[in-house]
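Undergrad: Dropping a prediction and its sequence here:
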Amino acid sequence: MTILPPERDPEGQRPPATTETPSRPHPTRREFLRHAALFTGTVAALGGGLTLLTRRPGAVDTTPGENLVWRPDRPLGPYDTTEAVTPYREATTYNNFYEFGLGKDDPVRLAGSLRTRPWTVSIDGEVRKPQTVDLGTLQSWFPLEDRIYRMRCVEGWSMVMPWLGFPLAALLRRVEPTGQAKYVQFTALHDPEQFPGQRSDVLDWPYVEGLRLDEAMHPLTLMAVGLQGRVLLPQNGAPLRLVVPWKYGFKSIKSVVRITLTREQPRTTWSAAAPDEYGFYANVNPAVDHPRWSQASERRIGELGRRPTLPFNGYAEEVAHLYAGMDLRQFF
């Protein structure tokens, strides 16, 4: 199996940096056709679930339009960052999603291949109420919440993302973990027809990630179905993805189809592929470099220069207690 790092050059291709949110120029004909095709395919795939999402507070706009500033008509929540939100166009066109390919533009370019409806999620393993549920039903069980989170990629770039979703803890409580449950394993869709990147052996498919049960139950841990008030697009992990803001981005698995509670620590995709570089915990730690680049600073998309990286991505007050007594000098 050929193993490649998440990005061969962590300072590689990037969108132009600006000091403020730019005005969107008139799209070229190619851009207009591309966005129109993506929107048509997304709406057709979402079907009735789109109506359900638009009825939720915070779902202010279900089109993938060109608004570059998100203005929520609500007070900030207890976990929201007040930092400037990454422009929507950058957040939906600069992505890592190896199921589509290795390039940053592969996800948006190939996103039309993913069919996000119908979609079911299985919850099984060490639970008293295992079940397989349609995403529309799953979504109806919980009120959707807006969360403005920092997102830090292991490659050294970052964004600020306003997610729409529900706490994973609410779902786990509903299925009632047994006393044997210690970890939560997440599995993404495996379908090379829809995910052309899965036709390569760059990783061992399907993509699998995991959390300790206490991490999964933390109120910051979110299952997202939307971004910036809009339905989540395929390139961002539609129709359901994990968001764990204090960990490097590769932990936040996309296009989830199965959630399994286990007694043993799951074998996760990147920690299996390159264990010396990508460990199970993957907590953001600026004091510990990646073996091939520094983690002390980051490049915030849309800004000039670099900024210092914060321990636990700025969420130390909320989550540091989860790791009391652990050696945080390790590259998790």
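TA: Sure thing, it's come through.
Undergrad: which residues does the residue nearest to residue 267 when sequence neighbours are not counted bridge with?
TA: Leaving out its chain neighbours, the residue that sits closest to residue 267 by Cβ to Cβ, 6 or more residues apart in numbering is residue 208, at 7.0 Å. Quick note: C-beta positions are derived from backbone N, CA and C, even for glycine. Beta bridges link residue 208 to residue 187, judged by DSSP bridges.
Undergrad: Identify the residues contacting residue 208.
TA: The neighbours of residue 208, taking Cβ atoms under 8 Å, 6 or more residues apart in numbering as the test, are 185, 186, 187, 188, 253, 266, 267, 268, 269.
Undergrad: mind putting those residues in CSV, neighbour count, pLDDT and distance to residue 212 included?
TA: CSV is the format used below for the contacts of residue 208 (neighbours: other Cβ atoms under 10 Å; pLDDT from 0 to 100; distance: Cβ to Cβ, whole Å):
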residue, neighbour count, pLDDT, distance to residue 212
185, 21, 99, 11
186, 27, 99, 13
187, 21, 99, 17
188, 25, 98, 19
253, 24, 98, 15
266, 19, 98, 10
267, 12, 96, 15
268, 23, 97, 12
269, 22, 98, 17
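Undergrad: what's the closest of the residues you listed to residue 282?
TA: Nearest to residue 282 among the contacts of residue 208 is residue 268, at 8.9 Å by Cβ to Cβ.
Undergrad: so what's the closest one up against?
TA: Residue 268 touches 208, 209, 210, 280, counting by Cβ under 8 Å, 6+ apart.
Undergrad: Please look at the last one and residue 215 and confirm they touch.
TA: Right, the one you point to is residue 280. No: counting by Cβ atoms under 8 Å, residue 280 stays clear of residue 215, with 10.6 Å between them.
Undergrad: more neighbours, those two?
TA: Neighbour count, other Cβ atoms under 10 Å: between residue 280 and residue 215, residue 215 has more, with 22 against 19.
Undergrad: quick one: the more buried one and residue 178, what's the gap?
TA: Distance of residue 215 to residue 178, given as Cβ to Cβ, to the nearest Å: 18 Å.
Undergrad: All set now, cheers.
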